[in-house]
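> how does the following fold in three dimensions:
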Amino acid sequence: GLLAGLIELTIGAQIPPWIGNKENPAILGVVTFLLSGMALGAIVSARSLELPSNDSKLAVFLGVFLPAMICFTTVGRLWYLPGPLLTVAALLLALEYWFCSPPADLAGISSSTQWTSRIIGGIGSVFILASVGLGFWKSPFGLFQFDTLLGAERFCFEVVPMDLVLYTHFSDSATTVEAVEVGRVMIVYILLLLGAALALIASLTASRLFLGIGGGIASAGLVLFLIWLPRVLTQVQHAYASESLLNLVGSLGWGWYASAIGAIVILATSLLRVRKC
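Predicted coordinates:
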């Protein structure tokens, strides 16, 4: 993985098919190198930790698993060898950590209590992931949907995955739809997906620490969307910026509310304390 990052950084521009025809091979090469170094550090830690806590185990697992997945999108074919190797390593770590023997800091907690906590946290994660997935299919499941009249004509604004603001103009003669890509929307959806995925993994491994981190990341994405919403819509039509923030918040989509419910459930579960028998 380190070698793949160095190759992309140095000669990536000369071998575009091997790096997935990336436009910024130097930057992505640095990212690949750093993520590979993180995976190496996680594996070294796994070998050196004698009695790791459950949170330490999850940190090691994520340190291997996340680079394995992310670098498939940064370095193209050069990741075909290190990627599967790291993926297998992550699966073997999960097998050793959570399936062969329970973590020492969870040994005194009843099985029913562990599974109840895992299921509740997992439900919150599924709420977020399902809302994002449904947003690809039905626009009401997006983060925002608002109809307004400007003169005698009707306009509709919709924010849908992963980075689109749909601007629909209804008139007597025709209906036109314009899709505008907005980077801030993509950041929000990335935070939602990352937080939900992290919380789901933490639920399965009964890690309250990472469950709270995942819920916090998802919540940050929802709050950022509220802060950025006027600017996001201004990129589509400048006149729309005159709408009050209260009117904008009142038009949040089902996806935002479903994700908010999921984030609240995740955070509440992370704050619950379980008693050891």
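> residue 162 belongs to a strand?
No - using DSSP: H, G, I helix; E, B strand; the rest coil, the assignment for residue 162 is coil, not a strand.
> show me what contacts it?
185, 186, 189, 190 (CB atoms under 8 Å, 6 or more residues apart in numbering). All C-beta spots, glycine's among them, are computed from the backbone N, C-alpha and C.
> at 10 Å what do you get?
132, 135, 136, 181, 185, 186, 188, 189, 190, 193 (CB atoms under 10 Å, 6 or more residues apart in numbering).
> what's the weakest-modelled helix or strand in this protein?
Counting by mean pLDDT, DSSP states H and E, the chain has its least confident helix or strand at helix 245-249, which shows a mean of 65.
> so which of the contacts of residue 162 are in strands?
Residues of the contacts of residue 162 located in strands (DSSP state E): residue 181.
> make a markdown table out of the contacts of residue 162 and add distance to residue 164.
As requested, those are arranged in a markdown table below (distance: CB to CB, whole Å):
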| residue | distance to residue 164 |
| --- | --- |
| 132 | 13 |
| 135 | 10 |
| 136 | 10 |
| 181 | 6 |
| 185 | 7 |
| 186 | 9 |
| 188 | 12 |
| 189 | 10 |
| 190 | 14 |
| 193 | 15 |
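> among the contacts of residue 162, which one sits closest to residue 50?
residue 193 (34.7 Å; CB to CB).
> what's the burial count for that closest one?
When neighbours are defined as other CB atoms under 10 Å, residue 193 has 19 of them.
> need the contact list for it.
Counted by CB under 10 Å, 6+ apart, residue 193 has contacts 128, 129, 132, 133, 161, 162, 217, 218, 221.
> helices - which of these land there?
Applying DSSP state H to these, the entries found in helices are 128, 129, 132, 133, 217, 218, 221.
> can I assume residue 141 is in contact with residue 131?
Yes - Residue 141 is within contact range of residue 131, at 5.9 Å (criterion: CB atoms under 10 Å).
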